[in-house]
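Provide a 3D model corresponding to the input given below.
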Amino acid sequence: MDTATVHNEETLGIDPQILSKLTTYEDFLSFYIQLSQTHDSVSWVKADLLLQMQRKLGEGGLVQLSKELKQPASTVSTYIRAAKAFPVDRRDPALSFTLHLHASYADSYNDTKGVFYGEERFRWLEQAADGSWSSRKLLAEIQDKKVDSKKRVIRPCIKCGKSDKKTKQYVLYAPGTATRAKKFYMDENCFILLLNWIYGEPKQQG
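Here you go, the predicted model:
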């Protein structure tokens, strides 16, 4: 083989001659970074190739490819997802393919139409770069954010229009009855002003 990476008939690895030339920590670090960059480059090439194959041959070609390579169809779909989520001009060469892939899960994706809804993935990727996050941390942060958003629906205040953590649902009952109630979302500060308007300003002590 022209790459000269074969140790024997069963094991693949780095050419011993190349390893013998690595002596200092900087040598090993530099070579490892080169391998990582090569791995990411190959992953992007695979992703773009599979996306183009899908466009040209349809899903049938991808299914056949998965069978030929004995790979799960989900693996092929994952590559295509990454390629669609981050076109060439939106990729950060300093960040890994996996980091891009995990950032894509910040937005909803219609697998049938192959369309992303939203652009949160770009913001998350920038945040991961600024914080030097690992791909695991990025995915964990995105998942935590989604869980929080499902637990509580944030709606705009009916008075000022704000939509933040201070916007809550309040209930006002008609005087003399507990059955006639008005439910609405309002900013905490706006609700205090409303109570002051209804019941009067609280008297200052002292």
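
centre of the chain to the strand or helix carrying residue 138, how far?
Residue 138 belongs to helix 135-151 when elements are defined using DSSP states H and E. Going by C-alpha atoms, centre = their mean, to the nearest Å, the spacing between the C-alpha centre of helix 135-151 and its chain's C-alpha centre is 9 Å.

cool, stretch 68-88 as well?
16 Å.

make 47 the starting number, not 1.
Taking 47 as the first residue, the last one we looked at is stretch 114-134.

what residues of that stretch count as buried?
122-123, 125-132 (16 or more other C-beta atoms under 10 Å). Placement of C-beta: from N, CA and C, glycine included.

may I have the next helix or strand after the helix holding residue 184 exported as CSV, CA atoms only?
Next in sequence after helix 181-197, counting helices and strands by DSSP H and E, comes strand 213-219. Included here for strand 213-219 are C-alpha records, laid out as CSV according to Å, rounded to 0.1, in the frame of the first residue of the first chain:
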residue,chain,number,x,y,z
THR,A,213,-43.2,36.8,32.8
LYS,A,214,-45.6,34.6,34.7
GLN,A,215,-49.3,33.5,34.6
TYR,A,216,-51.5,35.3,37.1
VAL,A,217,-55.1,34.8,38.1
LEU,A,218,-57.5,37.5,39.3
TYR,A,219,-60.9,36.6,40.8
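
which other helices and strands contact strand 213-219?
With contacts defined as 3 or more C-beta pairs under 8 Å, 6 or more residues apart in numbering; DSSP states H and E, the secondary structure elements packing on strand 213-219 are strand 227-233, helix 234-245.

relative to it, what are the paired strands and their orientations?
Sheet pairing of strand 213-219 (DSSP bridges) gives strand 227-233 (antiparallel).

quick one, the strand it pairs with and helix 234-245 angle?
Between the direction of strand 227-233 and that of helix 234-245, the angle (axes from the mean of the first three to the mean of the last three C-alpha atoms, to 10 degrees) works out to 130 degrees.

what pLDDT does residue 229 get?
In this prediction, residue 229 carries a pLDDT score of 73.

what of residue 208?
With respect to pLDDT, residue 208 scores 71.

would you mind measuring from residue 128 to residue 169?
Note on residue 128: its distance to residue 169, by C-beta to C-beta, to the nearest Å, is 17 Å.

contacts for stretch 98-116 next, please.
Stretch 98-116 is contacted from outside by 96, 118-119, 121-122, 126, 160, using C-beta atoms under 8 Å, 6 or more residues apart in numbering.

helices - which of these land there?
With DSSP state H as the criterion, helices contain 96, 119, 121-122, 126 from among the contacts of stretch 98-116.

all set now, cheers.
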